[in-house]
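Student: structure, please.
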Amino acid sequence: MSVTTDRLRDLIETTVGELPPLTVELVRDLDIPEHMAIAEVAALTGVTAHTLRYYERIGLVEVARDAAGRRVYDRDAVGRVVFVTRLRDSDMPIAAIQRYVALVKQGPSTEPERLALLEAHRDDILNRLRDLQGALAVVDYKITTYGGACGS
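Tutor: Predicted coordinates:
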């Protein structure tokens, strides 16, 4: 099944209203086609087709092929793309994501190691947030020093 990008956006907006940041859970709950072409996944996720092919090539996402050899993404594959994208948005290195995916493939016995990997990354994010909050305070101070107003 193939849908146009506009139709896909309409489906999302009809289902959830204004387009929120996609999450794995949202992908599973959306009334989107069960099978999607690479262009449709790119439109839905904001990830370029080139990046989607790269994620597949390095083993972050597994994508089935149709009879003509074209990629066909199911909901699980789209969910994985969204998950990987969120990890990349948080500056998790590709090697760490590859490690996580490899652990997932090994099965439930690797859950403690996966949890440790995610907790370490969470600590990194929290440290960066603290650093950014400190930097924001300095910028806000300078803005008010020059007679500007800070805040929303």
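Student: if I look at residue 135, how far off is residue 129?
Tutor: To residue 129, residue 135 is 11 Å away according to C-beta to C-beta, to the nearest Å. Quick note: C-beta positions are derived from backbone N, CA and C, even for glycine.
Student: same check, this time on residue 59
Tutor: With C-beta to C-beta as the criterion, residue 59 and residue 129 are 30 Å apart.
Student: swap in residue 91?
Tutor: Relative to residue 129, residue 91 is positioned 12 Å away (C-beta to C-beta).
Student: kindly report the same for residue 104.
Tutor: 26 Å.
Student: higher neighbour count, the two?
Tutor: Comparing residue 104 with residue 129 by other C-beta atoms under 10 Å, the one with more neighbours is residue 104, at 13 against 10.
Student: my guess is the more buried one contacts residue 110, does it?
Tutor: Yes: at 7.2 Å, residue 104 and residue 110 qualify as touching, with contact defined as C-beta atoms under 8 Å.
Student: for the longest helix along the chain, packing partners?
Tutor: Ranked by number of residues, the top helix in the chain under DSSP state H is helix 111-145. Here helix 111-145 touches helix 94-106, going by 3 or more C-beta pairs under 8 Å, 6 or more residues apart in numbering; DSSP states H and E.
Student: check which residues of the helix it packs on are buried.
Tutor: Neighbour-count burial for helix 94-106 flags 96, 97, 100, 101, 103 (criterion: 16 or more other C-beta atoms under 10 Å).
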